[in-house]
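Q: Got a predicted structure plus its sequence, pasted below:
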There are 2 protein chains.
Amino acid sequence: MSRRRFLVEPAALDGPEARLDASEAAHARKVLRLNVGDEVWLVDGHGRRAKARLTSLGKGGASCRIEAVERLTPLRPRLVICPGLAKGPAMDFLAARLTELAVDEVRPFLAARGEVRLRDEDQRLERWRRLAGQALKQCGAPLLPEFFAPLDLEALLALAPARAARLILYEGEDGRAMAQVLAEAEGPAEVWALIGPEGGFTAAEVDRAAAVGFTPCGLGGVILRAETACLAVAAVARFGAQNFDAAKMHS
Amino acid sequence: MSRRRFLVEPAALDGPEARLDASEAAHARKVLRLNVGDEVWLVDGHGRRAKARLTSLGKGGASCRIEAVERLTPLRPRLVICPGLAKGPAMDFLAARLTELAVDEVRPFLAARGEVRLRDEDQRLERWRRLAGQALKQCGAPLLPEFFAPLDLEALLALAPARAARLILYEGEDGRAMAQVLAEAEGPAEVWALIGPEGGFTAAEVDRAAAVGFTPCGLGGVILRAETACLAVAAVARFGAQNFDAAKMHS
């Protein structure tokens, strides 16, 4: 059952019938071996999920009758992960794994020690969205993260709202633990976390972020590879709260 | 500097001189472009680290004069991650990433829905150790995790000491949050966490673990791929505590 998920456009859940395109239909037939009459789940990546039943299934596509639509409760905190732009495979890895961790937004930035520009920006954004869609179907996360084109650090810092817990991950001498900073924020509704590229932030980058209200904090003195750090930060922010009031189940 | 780390046998740090083998020496010459007189760090993967200086460097190996040896404070909690045995690439991924997260022991087990045996057991264990060694040099973690051959679930359950916080990750209807369970254990000195294979645990497996004292708990209703779940669990156990008393910096 859990693997019978299909990603559809949000508008597809508004009517009584939804279409699956040829590639989704092929997956249903050849991999999942589904037949007309079988139950499936349709997810729109924007917080809605529908129980549906296959009414036709062929080479050109498939149709489903929608039986019930539910809106999934958004997870708390709202989670914005900002990785220093890295090379292709690292970013691809993050696109999929951060989707599983129910990250709301992925906003790469151009770090002093990271990649300084994204080649084929539109294609790469499209690629991250496609990988995220695959991860979403696999894991059943309620939302596709929203992916943004990389910005300069300064522009990114200006975007983060003051109401959010704003963190910059940095292993300084007298660093505070990320979990402690979040606990002192008393279950923030929104978290923005900046994670440096391989090689880390420069001191100037950390000073600049701190000057506009970001809190430098770390992960207990362990030095992680950049992608692992992104996952660890997302996991601690998403699941480190001590009860389900703060980290609410979504259904 | 951070990349000038070399992994040596523990005994190598007992004397005034340490040898690097031919492959480490080649890495020092060709990749790091080091010369005689340069400072390096030697890590033994068992909690000791030495500052040293290259005294010779050639095709057959290298020598270093040891200048200072320090013993790194073990991180708390002691962390034992038990993944359902998975296919090769997933286990390789875990070997490296769990090393970065400073996991103390990796104890795979044979899950009902996972791989039911390990081919070439000795070779695979050797491979995991080699990948862990590479990750350790890269990230500077104090310890190599100890890798164990897979056991039946029953044998693994019997091994976990009652003094440890013993968790089985399971998304039941009335599941409790993993972070809550750990908080109620008040900063346990040791955590054992069982993470199911792709497809999850069977109810019988969860019942059996609960019967011997494991606490079923989850990650807030999000369903993760098995490897991502292992990393998230390790990150929450390692870094989710709210202060550095519980998650102590190691140097």
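A: Yes, it's here.

Q: Quick check: residues of the stretch 51-200 of chain A near chain B?
A: A:75, A:97, A:100-102, A:135, A:138-141, A:175-180, A:183 (CB under 8 Å from any CB of the partner chain). In short, each C-beta sits where N, CA and C put it, glycine included.

Q: need the helices for chain A, in chain order.
A: A:22-26, A:88-100, A:121-139, A:153-159, A:178-184, A:203-211, A:226-239 (DSSP state H).

Q: Pick the most buried one from these.
A: Greatest average neighbour count among the helices of chain A goes to helix A:226-239 (a mean of 26), per mean count of other CB atoms under 10 Å in any protein chain shown.

Q: pLDDT of it, averaged?
A: Confidence for helix A:226-239, expressed as mean pLDDT, is 95.

Q: For that helix, C-alpha coordinates in CSV please.
A: Output in CSV follows, covering the C-alpha atoms of helix A:226-239 (Å, rounded to 0.1, in the frame of the first residue of the first chain):
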residue,chain,number,x,y,z
ALA,A,226,28.5,19.3,4.5
GLU,A,227,25.7,17.1,3.3
THR,A,228,25.6,15.0,6.5
ALA,A,229,25.5,18.2,8.4
CYS,A,230,22.5,19.4,6.4
LEU,A,231,20.7,16.1,7.3
ALA,A,232,21.7,16.2,10.9
VAL,A,233,20.5,19.8,11.3
ALA,A,234,17.2,19.0,9.6
ALA,A,235,16.7,15.9,11.8
VAL,A,236,17.5,17.7,15.0
ALA,A,237,15.2,20.6,14.1
ARG,A,238,12.4,18.3,12.9
PHE,A,239,12.6,15.6,15.5
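
Q: my guess is A:Glu70 meets A:Arg48, correct?
A: Yes - contact criterion CB atoms under 8 Å: A:Glu70 and A:Arg48 qualify, at 7.0 Å.

Q: okay, the two: which has more neighbours?
A: Higher neighbour count among A:Glu70 and A:Arg48: A:Arg48, with 19 against 12, using other CB atoms under 10 Å in any protein chain shown.

Q: Can you give me every residue that contacts the more buried one?
A: By CB atoms under 8 Å, 6 or more residues apart in numbering or on different chains, the contact set of A:Arg48 is A:Pro10, A:Leu13, A:Val69, A:Glu70, A:Arg71, A:Leu72.

Q: Show me how to select, in PyMOL, the buried members of those.
A: Entered in PyMOL, the line below selects the buried ones among those, by 16 or more other CB atoms under 10 Å in any protein chain shown:
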select buried, chain A and resi 13+72
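
Q: Could you identify the least confident member of the contacts of A:Arg48?
A: Scoring these by pLDDT puts A:Leu72 last, at 84.

Q: do you know how far it is from A:Ala50?
A: Using CB to CB, to the nearest Å, we find A:Leu72 at a distance of 11 Å from A:Ala50.

Q: Also A:Glu17?
A: Counting by CB to CB, the gap from A:Glu17 to A:Ala50 is 11 Å.

Q: for A:Glu227, same thing?
A: 33 Å.

Q: now the strands for the stretch 1-150 of chain A?
A: A:5-7, A:17-20, A:39-43, A:48-58, A:61-71, A:78-83, A:105-106, A:109-110, A:146-147 (DSSP state E, counting those that start in this stretch).

Q: so where's the stretch 151-251 of chain A shaky on pLDDT?
A: Residues of the stretch 151-251 of chain A that meet the criterion pLDDT under 70 lie in A:173-174, A:221, A:242-251.

Q: again, only this time at 50
A: The stretch 151-251 of chain A contains residues with pLDDT under 50 at A:243-251.

Q: What are the neighbouring residues in contact with the nearest residue to A:Val40 once chain neighbours are set aside?
A: Spatial nearest neighbour of A:Val40, excluding adjacent residues (CB to CB, 6 or more residues apart in numbering or on different chains): A:Arg4 at 4.6 Å. Listed by CB under 8 Å, 6+ apart, the contact set of A:Arg4 reads A:Ala28, A:Leu32, A:Leu34, A:Asp38, A:Glu39, A:Val40, A:Trp41.

Q: Any of the residues you listed buried? List them.
A: Here, 16+ other CB under 10 Å leaves A:Ala28, A:Leu34, A:Val40, A:Trp41 buried among the contacts of A:Arg4.

Q: how much space between the last one and A:Trp128?
A: Distance check for A:Trp41 against A:Trp128: by CB to CB, it reads 23 Å.

Q: picking that back up, looking at the strands of the stretch 1-150 of chain A, which is nearest to B:Arg107?
A: strand A:78-83 (30.3 Å; CB to CB).

Q: just checking, what packs against the closest one?
A: Under the contact definition 3 or more CB pairs under 8 Å, 6 or more residues apart in numbering or on different chains; DSSP states H and E, strand A:78-83 sits against helix A:88-100, strand A:105-106, strand A:190-195, helix A:226-239.

Q: how about those in TSV, adding distance to B:Pro89?
A: Listed next are the helices and strands packed on strand A:78-83 as TSV, based on distance: least, CB to CB, whole Å:
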stretch	distance to B:Pro89
helix A:88-100	13
strand A:105-106	24
strand A:190-195	25
helix A:226-239	16
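
Q: Please work out how many residues are found near A:Ala111.
A: Neighbours around A:Ala111, by other CB under 10 Å: 27.

Q: my read: it touches A:Leu85, true?
A: Yes - between A:Ala111 and A:Leu85 there is a contact at 6.8 Å, judged by CB under 8 Å.

Q: Which neighbours do the two have in common?
A: In contact with both A:Ala111 and A:Leu85: A:Pro197, using CB under 8 Å, 6+ apart.

Q: Please parse chain A into its domains.
A: Domain ranges of chain A: A:5-71, A:78-239, per automatic domain parsing.
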